[in-house]
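Undergrad: build me a model:
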Amino acid sequence: MKTRQKALAALCATFTLSPLAIADSFNFKTSLTGNADALVLFQGTKAQSSQLSALDQKSQGQLSKALKINDFKGDFNTFAEVVAPVGLNYDRVLVVGLGDGDLGQSELTKLGGNVSAHLNKASINNIEVDAEAMQANQAAYLAHGINLRAYNYDKYKKAKYQEKAYTFDVNAVDATEKAYEQLEHIQSGMFLARDLTNEVPSALTTEDFAKEAKKLKKLGVKVTVLDPKAIKKLGMNALEGVGRGSTEGSRLIVAHYKNSDTAPIAVVGKGITFDSGGYQIKTTESIVRMKSDMAGAAAALGTVKALAEMKAKVNVVAVMGMAANMVSEKAQAPGDVVRTAEGLSVEITHTDAEGRLVLIDSMWYARKKFEPSVMVDIATLTGGKYRALGTELGGLFSDDEALIKELTDASHVVNEPLWRLPLGYKDKLKSPIADLR
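TA: Okay, the predicted model is just below:
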């Protein structure tokens, strides 16, 4: 059960392998130099910390005076910044509120992200963090949050991101480094997913995505790529039809990391590298964002990378249905009928509803070839979800109560909350000429 929970947590984290990812660097030591661009201190709602008291004396009371002026009481996720403090070799001191509770992974990761945002200034390069009072895993979660927020995709920018160097003062260096190492693997998978989603469509075709997937072979991941001919041979005409209007056609990409003899967890990702909407073309406002319609496949691949880097004792397979939904004389048209690998015929009433066609064959393949213990699909499937839940929550559909709870719990741990939405509306799928519409 614990290995399954680890896999689901990694999956939720990538919902949000590439050398393009830019973030910050971290060192964990047992002391600070006392000389840096910025110092980060922590303060709860109770007695003033010993480090803050000592530095307040050196600054001739400037720190405590600044906290009073800012009405800073140490509440969780509150901040007070002192610039050019007297008697200290820091350009600024950032005091961060911890509140009065015991902070866990979700709170500290979020707090780390906000610390990064406060220090996102060109003049700040070297930062020292007084985390001596924190446990090893708490300091690691804080660093994890900082790095997730620091991620920067600047491939196409003239001005490049300047990496910041963080030095953490901790009690247990080895334990903190070990805890952070595991989180670095999560970051690696997340940064892969972000890089792939940020890449422009002309530089990330179905073949380009397959090349990225094949890079995981060095981590012990078995990667299989099916081209349009192989896809049609298996009867996956729904997947093949979506990519028929593009030059390269569809691909089915499978990345299998097996480090356990248990039945696999299958993660199925929608991978539309560009979605024009087909003949029912999208509007100018929405079409410019459609390079990200492969985010589900990116998250699936990032999950496998994270678990493979961890050498996690899990059996997980990512099945990614890839296509570019384009307009051409070969593209499927409204009114066409395709037959899925399951043997069901589907009437195409809207060419911009291509995601479900890609997923139906991809999920069939995952079930048929791997007989998974659980299957989770990830997709940027419909604008209806945004209208229902906005951008702060992911929509979750399932009739498996245990899986709903596991995914919901994992999503809150990694600050990517999911919200259950209803299944149903089968009558809306009826077609006068096919099994489904």
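Undergrad: now the closest residue in space to residue 374 that isn't next to it in sequence, which residues is it bridged with?
TA: Sequence neighbours aside, residue 265 is the residue nearest to residue 374 in space, at 5.4 Å (criterion: C-beta to C-beta, 6 or more residues apart in numbering). Just so you know, the C-beta spots here come from the backbone N, C-alpha and C atoms, and that holds for glycine as well. Beta bridges link residue 265 to residue 316, residue 374 when assigned by DSSP bridges.
Undergrad: pull the number of nearby residues for residue 265.
TA: 24 (other C-beta atoms under 10 Å).
Undergrad: that one against residue 372, yeah?
TA: Yes. With contact defined as C-beta atoms under 8 Å, residue 265 counts as touching residue 372 (6.1 Å).
Undergrad: need the longest helix for the chain.
TA: Among the segments of the chain that qualify as a helix by DSSP state H, the longest is helix 173-198.
Undergrad: what are the phi and psi values for residue 38?
TA: With angles defined as degrees, to the nearest 10, residue 38 sits at phi -150, psi 150.
Undergrad: distance check, it against residue 162.
TA: The gap separating residue 38 from residue 162 is 14 Å, by C-beta to C-beta, to the nearest Å.
Undergrad: the two - which one has more neighbours?
TA: Legend: neighbour count by other C-beta under 10 Å for residue 38 and residue 162, higher for residue 38 (24 against 11).
Undergrad: and that one, what is it in contact with?
TA: Applying C-beta atoms under 8 Å, 6 or more residues apart in numbering to residue 38 gives the contacts 90-94, 119, 124, 126-128.
Undergrad: let's have those residues in CSV, adding secondary structure and distance to residue 406.
TA: As requested, the contacts of residue 38 are arranged in CSV below (DSSP: H, G, I helix; E, B strand; the rest coil; distance: C-beta to C-beta, whole Å):
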residue, secondary structure, distance to residue 406
90, strand, 44
91, strand, 46
92, strand, 43
93, strand, 42
94, strand, 37
119, coil, 35
124, coil, 40
126, strand, 41
127, strand, 37
128, strand, 39
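Undergrad: so which strand or helix has residue 77?
TA: Per DSSP states H and E, residue 77 falls between elements, in no helix or strand.
Undergrad: isn't it up against residue 109?
TA: No. Contact status for residue 77 versus residue 109: not in contact, 11.8 Å apart, counting by C-beta under 8 Å.
Undergrad: between the two, which is the more surrounded one?
TA: In terms of neighbours (other C-beta under 10 Å), residue 109 is the more surrounded of residue 77 and residue 109; the figures are 25 against 13.
Undergrad: and residue 165, its phi and psi?
TA: Per-residue torsions, residue 165: phi -110, psi 120 (degrees, to the nearest 10).
Undergrad: the strand or helix carrying residue 269 to helix 173-198, inter-axis angle?
TA: Assigned by DSSP H and E, residue 269 falls within strand 265-275. On the basis of axes from the mean of the first three to the mean of the last three C-alpha atoms, to 10 degrees, strand 265-275 is oriented at 40 degrees to helix 173-198.
Undergrad: ok now the following helix or strand past strand 265-275, how far from the chain's centre?
TA: Later in the chain than strand 265-275, the nearest helix or strand by DSSP H and E is helix 284-287. In terms of C-alpha atoms, centre = their mean, to the nearest Å, the centre of helix 284-287 is set 24 Å apart from its chain centre.
Undergrad: extract the CA atoms of the next helix or strand after helix 284-287 and return them as PDB.
TA: Using DSSP H and E, the helix or strand that follows helix 284-287 towards the C-terminus is helix 295-310. Written as PDB, here are the backbone C-alpha positions of helix 295-310 (Å, rounded to 0.1, in the frame of the first residue of the first chain):
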ATOM      1  CA  ALA A 295       0.200  18.100 -20.300                       C
ATOM      2  CA  GLY A 296      -1.400  14.800 -19.300                       C
ATOM      3  CA  ALA A 297       1.200  12.800 -21.200                       C
ATOM      4  CA  ALA A 298       3.900  15.100 -19.800                       C
ATOM      5  CA  ALA A 299       2.700  14.400 -16.300                       C
ATOM      6  CA  ALA A 300       2.600  10.700 -16.900                       C
ATOM      7  CA  LEU A 301       6.100  10.600 -18.300                       C
ATOM      8  CA  GLY A 302       7.400  12.800 -15.400                       C
ATOM      9  CA  THR A 303       5.800  10.400 -12.900                       C
ATOM     10  CA  VAL A 304       7.800   7.500 -14.400                       C
ATOM     11  CA  LYS A 305      11.000   9.500 -14.400                       C
ATOM     12  CA  ALA A 306      10.600  10.500 -10.700                       C
ATOM     13  CA  LEU A 307       9.900   6.900  -9.600                       C
ATOM     14  CA  ALA A 308      12.700   5.500 -11.700                       C
ATOM     15  CA  GLU A 309      15.300   8.000 -10.300                       C
ATOM     16  CA  MET A 310      14.100   7.100  -6.800                       C
END
